[in-house]
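1. fold the following for me, if possible:
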Amino acid sequence: MFDAYIICGTPRTGSTLLCKLLASTGTSGDPHSFYRRQDLSEWAQEWKLPARETTGELEFEIAYLNAAITAGKGGTGIFGLRLMRENLDELSAILDQIFPGLASVTARFEKAFGRVLYIYLSRENKLAQAVSLIKAEQTGLWHIAPDGSEIERVAPPQEPHYDFERIKRGLAELEAYDAAWNIWFAAQGITPLRIGYERLSADPAAALQGICEALGVQSPNADDIRPGVAKLADETSRDWMHRYRLDAAGLTQ
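-> Purely as a prediction, here's the structure:
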């Protein structure tokens with residue numbers, strides 16, 4: 001039996017879909033990116049934590065960790081956390097402040113969260129992942145619900161435009177994040193539960209039931225599972241992928 005799980009991801013791998021699925025079970029926590037640096041102050045405000053300036057750095061980090069664990073459990077017995085590779089070292093450093101002297105990152109995680117299941121979420125089609133990332137950055141729209149309503153928008157609407165160099169950089173960044181996760185798993189002696197975006201998006205119920213089984217909690221009936229996030233890929237995405245392949249082939253000839 002696990003006390004916690006960490007969804008180890010990279011952008012545009014279906015982590016929001018997976019987080020919502022897990023939260024919907026009522027048995028598997030309520031995972032969020034509690035340690036995404038851009039969101040720390042927003043979470044601290046939501047939890048009504050005293051400011052760092054008034055409590056001191058260590059006291060704030062302890063209060064933040066305790067509040068994150070409560071929120072990530074969502075009234076269940078299991079803590080859920082979504083963690084991108086770019087935030088791993090930052091979280092490790094914070095936990096090293098709170099629990100000094102531990103030999104490894106995983107030791108810090110276990111001290112903070114208990115026995116942890118590591119769920120590695122990746123996407124086989126890296127070009128589709130890069131295109132999805134760049135289009136979201138350009139349009140400001142990151143997630144929509146199955147009915148087409150917006151779930152997450154971070155900027156006013158803008159028209160997307162094809163950008164070969166930006167897609168190329170995005171591909172390299174995403175491949176580097178994937179490589180970094182795998183290097184870290186090997187260094188820590190971790191065999192993660194691997195979930196592919198393609199499988200998750202094709203059959204969310206099966207992916208969710210597999211995770212619940214690994215966690216040792218009751219999984220919901222497949223007929224009751226309703227994905228809360230819809231795909232944003234469209235004709236523009238397909239056109240960009242086609243153009244990128246042609247442009248990339250032209251550069252290598």
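
2. residues in contact with stretch 120-137?
-> With contacts defined as Cβ atoms under 8 Å, 6 or more residues apart in numbering, stretch 120-137 is touched by 7-15, 18, 142, 160, 163, 166-167, 170-171, 174-175, 178, 181, 185, 192-198, 200, 232-233, 236-237, 240-241, 244-245. In this view, the C-beta of every residue, glycine as well, is placed from N, C-alpha and C.

3. check contacts around Leu65.
-> Ile94, Leu95, Ile98, Ala112.

4. so which helix or strand takes in the first one?
-> This means Ile94. For Ile94, the host element (DSSP states H and E) is helix 85-98.

5. would you put the C-alpha positions of that helix in PDB?
-> Taking C-alpha atoms only, helix 85-98 is exported to PDB below (Å, rounded to 0.1, in the frame of the first residue of the first chain):
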ATOM      1  CA  ARG A  85      11.100  17.700 -14.200                       C
ATOM      2  CA  GLU A  86      12.100  21.400 -14.100                       C
ATOM      3  CA  ASN A  87      10.700  21.600 -10.500                       C
ATOM      4  CA  LEU A  88      12.200  18.400  -9.100                       C
ATOM      5  CA  ASP A  89      15.500  19.900  -7.900                       C
ATOM      6  CA  GLU A  90      13.700  22.900  -6.300                       C
ATOM      7  CA  LEU A  91      11.400  20.600  -4.300                       C
ATOM      8  CA  SER A  92      14.400  18.400  -3.300                       C
ATOM      9  CA  ALA A  93      16.200  21.500  -2.000                       C
ATOM     10  CA  ILE A  94      13.100  22.600   0.000                       C
ATOM     11  CA  LEU A  95      12.700  19.200   1.600                       C
ATOM     12  CA  ASP A  96      16.500  19.200   2.400                       C
ATOM     13  CA  GLN A  97      15.900  22.400   4.400                       C
ATOM     14  CA  ILE A  98      13.000  20.700   6.300                       C
END
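
6. packing partners of it?
-> helix 57-73, helix 105-113, helix 164-188 (3 or more Cβ pairs under 8 Å, 6 or more residues apart in numbering; DSSP states H and E).

7. can you map out the strands along this structure?
-> Here the chain has its strands, by DSSP state E, at 4-9, 79-84, 116-122, 141-144, 150-153, 193-196.

8. pipe the ones you listed into a markdown table and attach distance to Gly216 per row.
-> Below are those laid out as a markdown table (distance: least, Cβ to Cβ, whole Å):
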| stretch | distance to Gly216 |
| --- | --- |
| strand 4-9 | 11 |
| strand 79-84 | 14 |
| strand 116-122 | 9 |
| strand 141-144 | 29 |
| strand 150-153 | 30 |
| strand 193-196 | 12 |
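
9. which of the ones you listed is buried the deepest?
-> The highest average neighbour count among the strands of the chain, using mean count of other Cβ atoms under 10 Å, belongs to strand 4-9 at a mean of 25.

10. spatially nearest residue to Tyr35 (excluding sequence neighbours)?
-> Leu91 (4.6 Å; Cβ to Cβ, 6 or more residues apart in numbering).
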